[in-house]
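In: Sharing a model prediction with you, sequence too.
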Amino acid sequence: MIFSILFLLLAAGVPYYIVLEKNTKLHSKHIFLLSGFLLLCAIILSLYIPNEHHTSLVIISFISALYSIYKATKTTNFYKLGYYLIFVNAPFFILFEDAGAMYSLSLLVALMGLFLIGKFYEKNYGSANYRHITGVTLTTPCVGTYLTLYLIALALYPPFPNSLFFLSHIFNSEPNTLWYVVVTTLFFGNFYLSMGVMRLTLFGRPHSDIHYVHMNSKEKMTHFFILMLLLTLSFFGLKETLL
């Protein structure tokens, strides 16, 4: 039970992200990096310590996830969206047990891409806020392509690994009422949040007062590497689903 609580604290971000957000000197970028690092620690620990979910902890993480979905709908900042999505998906890490580690690893890789998109926005537009940077698909197709792929992965669309490890757990689990509630709610939560960002960024009329910046070669290669890493994880996810 002690290790299960430790996994909950590392993966679900309660209460540290609430405390850290109140620190005005701490940038949301740093909260994202800390949240991702702690989830990575949970993933590594789960390789050596059984991640046995307890009903009470699943319920706690689910309540936290619902709160995080609410918070995510109120932000237009890529960094904040990133760490909210970590907490939204925390119940999957707890509930999926062994499959939860691979699911969470795939989530982290996709969020790494989203984080770099946020850094690109911060460098070129002054902040990681995407509120007014609309029509990306038409103005900067490369940025739009990578952002689309990351959002599709986070929305749990195949053939990206998040969705495949998600399906693998569905095929190999023994569902109960709590399982149905958590899985159904968070599946649509991920979809709703990702599609919301897509609607506000990729589509719409480009802002006439903004000079849209294209990615340089180094940035393109970095995102290409992340995409290849996602596709590699997809191979393992497909293998896990078919077995």
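Out: Cool, got the structure.
In: Tell me where the model's unsure across this structure.
Out: Applying pLDDT under 70 to the chain flags the ranges 1, 3, 13-15, 51, 97-98, 243.
In: mind redoing it with 80?
Out: Counting by pLDDT under 80, the chain shows low-confidence ranges at 1-18, 23-25, 49-54, 96-100, 170-175, 239-243.
In: so where does the spatially most central residue of it fall, helix or strand?
Out: The chain has Leu85 as the residue nearest its centroid, 4.3 Å off, counting by Cα atoms, centre = their mean. Secondary structure from DSSP states H and E places Leu85 in helix 78-88.
In: And that helix, what does it pack against?
Out: helix 28-46, helix 55-73, helix 98-125, helix 177-201 (3 or more Cβ pairs under 8 Å, 6 or more residues apart in numbering; DSSP states H and E). (C-beta placed from N, C-alpha, C; glycine too.)
In: now the angle between helix 177-201 and it, please.
Out: With axes from the mean of the first three to the mean of the last three Cα atoms, to 10 degrees defining the directions, helix 78-88 sits at 170 degrees from helix 177-201.
In: Only the C-alpha atoms, please, for helix 78-88, written as PDB.
Out: What follows is helix 78-88, C-alpha atoms only, in PDB (Å, rounded to 0.1, in the frame of the first residue of the first chain):
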ATOM      1  CA  PHE A  78       1.100  24.700 -23.900                       C
ATOM      2  CA  TYR A  79       3.200  24.200 -20.700                       C
ATOM      3  CA  LYS A  80       0.200  24.200 -18.400                       C
ATOM      4  CA  LEU A  81      -1.800  22.000 -20.800                       C
ATOM      5  CA  GLY A  82       1.100  19.500 -20.800                       C
ATOM      6  CA  TYR A  83       1.300  19.000 -17.000                       C
ATOM      7  CA  TYR A  84      -2.500  19.000 -16.700                       C
ATOM      8  CA  LEU A  85      -2.600  16.100 -19.200                       C
ATOM      9  CA  ILE A  86      -0.100  14.200 -17.100                       C
ATOM     10  CA  PHE A  87      -2.500  14.400 -14.200                       C
ATOM     11  CA  VAL A  88      -5.600  13.700 -16.300                       C
END
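In: got a list of contacts for that helix?
Out: 11-14, 17, 27-29, 31-32, 35-36, 39, 64-65, 68-69, 71-72, 75, 107-108, 111, 114-115, 117-118, 121, 128-130, 154, 186, 189-190, 193, 197 (Cβ atoms under 8 Å, 6 or more residues apart in numbering).
In: Would you write a ChimeraX line that selects the buried entries of those residues?
Out: To isolate the buried members of the contacts of helix 78-88 in ChimeraX, using 16 or more other Cβ atoms under 10 Å:
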select :11,12,13,14,17,28,29,31,32,35,36,39,64,65,68,69,71,72,75,107,108,111,114,115,117,118,121,128,129,130,154,186,189,190,193,197
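In: and Glu219, which of the helices and strands packed on helix 78-88 is closest to it?
Out: Among the helices and strands packed on helix 78-88, the nearest to Glu219 by Cβ to Cβ is helix 98-125 (6.5 Å).
In: from the middle of its chain, how far away would that closest one be?
Out: 6 Å (Cα atoms, centre = their mean, to the nearest Å).
In: Buried by neighbour count: which residues of that helix qualify?
Out: For helix 98-125, a neighbour-count test (16+ other Cβ under 10 Å) marks 99-118, 120-122, 124-125 as buried.
In: how far off helix 78-88 does it point, in degrees?
Out: Using the same axes, to 10 degrees: helix 98-125 against helix 78-88 is 170 degrees.
In: helices or strands up against helix 98-125?
Out: On a contact count with 3+ Cβ pairs under 8 Å, 6+ apart, helix 98-125 meets helix 28-46, helix 78-88, helix 90-96, helix 141-154, helix 161-172, helix 217-242.
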